[in-house]
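**Student:** Attaching a predicted model along with its sequence, questions to come.
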Amino acid sequence: PTAVLLEALDELDRLEATVSQLLALARDSASPRSPIDVGLLLQKLERRWRRPLAALGRRLELVVDDDELPHPEVSEVAISQVLDVLIDNAAHHGAGVVTVEATGVVSGVSLSVTDEGAGIEDPARIFERRGTDARGHGIGLALARSVVEAEGGRLMLERSAPRPQFVIVLPAARPVRDAPQPAPVSA
């Protein structure tokens, strides 16, 4: 009983920290943005989530596009927190393997989070903040969408059932302009 209580308290602390960080990110539009390595971001994600999912009898699977992925110019902290919210939702409301897939798209990078659950009951309202009388916290997905939009991306529910799938599309980093060339010197 004591071990279960300590584990529950740790989970509550982690969830509270995640929501606090999302709130801070949603309020602060000046978070540092630089091109991020999506592969490295997903490796860190795997290290954070492998054990918590295994404790639930679940598995995390990463699928990274073989081609070199563009490096979106976003806040790594912001995107990490959004992915944490999506995986946390899959862990607590879904079933089976949680798959995170990264794919290059024309406009940048697509990150999807899918689980093997039956689906989402009310997909039309999934990103709405719910009142205090609703089950669950009702703020994580709404904040996650706001954070992704603040980073210039989109967060959408691609498939509600079966195997619900959330997709984040992040723009590729802006191309670096060539350095100005000195004017030719006349002889």
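**Tutor:** That came through, no problem.
**Student:** Please count neighbours and contacts with C-alpha atoms only from this point.
**Tutor:** Will do.
**Student:** The residue nearest to the spatial centre of the chain: what's it in contact with?
**Tutor:** Closest residue to the average C-alpha location of the chain: residue 83 at 2.2 Å, with Cα atoms, centre = their mean. By Cα atoms under 8 Å, 6 or more residues apart in numbering, the contact set of residue 83 is residue 113.
**Student:** Quick check: it vs residue 114, distance?
**Tutor:** Distance, residue 83 to residue 114, by Cα to Cα, to the nearest Å: 11 Å.
**Student:** Distance-wise, check the residue nearest to the centre of the chain relative to residue 101.
**Tutor:** 11 Å.
**Student:** any residues in contact with both of the two?
**Tutor:** residue 113.
**Student:** now the strands for this structure?
**Tutor:** 34-35, 60-64, 73-74, 98-105, 108-114, 154-159, 165-171 (DSSP state E).
**Student:** Just the residues contacting the fourth one, thanks.
**Tutor:** It stands for strand 98-105. Residues contacting strand 98-105 (Cα under 8 Å, 6+ apart): 38, 58-65, 67-70, 87, 90-91, 109-116.
**Student:** ok, now with 7 Å
**Tutor:** The contact list for strand 98-105, computed with Cα atoms under 7 Å, 6 or more residues apart in numbering, reads 59-65, 69-70, 90, 109-115.
**Student:** Helices of this structure, start to end?
**Tutor:** 2-27, 38-55, 76-93, 140-150 (DSSP state H).
**Student:** so which of those helices comes closest to residue 165?
**Tutor:** Closest approach to residue 165 among these (Cα to Cα): helix 76-93, 9.4 Å.
**Student:** Pull out the buried positions in that closest one.
**Tutor:** By neighbour count on 16 or more other Cα atoms under 10 Å, the buried set for helix 76-93 is 76-88, 90-91.
**Student:** Of these, which pair is most distant in space?
**Tutor:** 76 and 91 (22.0 Å).
**Student:** Lovely, talk soon.
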